[in-house]
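Engineer: sequence? don't have it. structure:
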């Protein structure tokens, strides 16, 4: 089972799709499904997972982060790893980024204690809008990232979701395994 912990963008699918508009149809770019827009808090990978232990770890992380429900706003564009080599185009988090980071750090502490690997990069709260398979449209992507600043909207973050990801030829499919309230 391939799992990750996420925060959903409830009610923001249409504005996420609008933010993706400059990237649709560009060669080498695969947009994500705006109905499945989320912030990945920690990636756990493919393994035989102890779901009870993961649920308990998520609850401990929420307690440790001392974060109750909060508003998060999503705006602005960026890329990973850099504008010179683009693999992911993302939507940024404005309001609520600090709380998402606190939750991420608490989740990392709890999941590494269970034996999961810590992320090998700094956490940047974001929503993946598209993945770049090849650089045919690199200049168009660079221009859009530099010139556009979509303001997608705000949602209430009130729960973490343990999500199963199934990779298919049409893109990943997500299924909720567990939810933990903040």
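Structural biologist: Everything's here; your move. This is a predicted model, so every value here is computed, not measured. Numbering: from 1, shown residues only.

Engineer: ok, and the closest non-adjacent residue to the residue most central in space within the chain?
Structural biologist: The centre of the chain sits closest to residue 39, judged by Cα atoms, centre = their mean, with a distance of 2.5 Å. Nearest residue to residue 39 in three dimensions, chain neighbours excluded: residue 7, at 4.5 Å (Cβ to Cβ, 6 or more residues apart in numbering). For glycine as for every other residue, the C-beta is placed from the backbone atoms N, C-alpha and C.

Engineer: go on, residue 92?
Structural biologist: In space, residue 92 is closest to residue 76, 4.0 Å off (Cβ to Cβ, 6+ apart).

Engineer: pull the residues that contact the host helix or strand of that neighbour.
Structural biologist: Per DSSP states H and E: residue 76 is located in strand 70-81. With contacts defined as Cβ atoms under 8 Å, 6 or more residues apart in numbering, strand 70-81 is touched by 7, 9, 12, 16, 19, 39, 86-97, 99-100, 124, 126-127, 129, 141, 144-145, 148-157, 182.

Engineer: same question for stretch 15-23.
Structural biologist: Applying Cβ under 8 Å, 6+ apart, the contact partners of stretch 15-23 are 9, 29, 31-32, 34, 37, 74, 77, 89, 91, 127, 129-130, 140-141, 144, 148, 150, 152-153.

Engineer: could you rerun that using 6 Å?
Structural biologist: 29, 31, 34, 37, 91, 129, 130, 144, 150, 152, 153 (Cβ atoms under 6 Å, 6 or more residues apart in numbering).

Engineer: and the last one, that's in a helix?
Structural biologist: So that's residue 153. No - under the criterion used here (DSSP: H, G, I helix; E, B strand; the rest coil), residue 153 is strand, not part of a helix.

Engineer: residues in contact with it?
Structural biologist: Residues near residue 153 by Cβ under 6 Å, 6+ apart: 12, 15.

Engineer: what are the bridge partners for residue 175, then?
Structural biologist: Beta bridges link residue 175 to residue 164 when assigned by DSSP bridges.

Engineer: for it, give me the pLDDT.
Structural biologist: Looking at residue 175, its pLDDT is 92.

Engineer: quick check, it in contact with residue 164.
Structural biologist: Yes - taking contacts as Cβ atoms under 6 Å, residue 175 lies within contact range of residue 164: 4.7 Å.

Engineer: pLDDT (mean, whole number) over the helix of greatest length in the chain?
Structural biologist: Identified as the longest helix of the chain according to DSSP state H is helix 97-113. Regarding helix 97-113, the rounded mean pLDDT is 97.

Engineer: quick one: it to strand 70-81, angle?
Structural biologist: Relative orientation of helix 97-113 and strand 70-81, computed by axes from the mean of the first three to the mean of the last three Cα atoms, to 10 degrees: 70 degrees.
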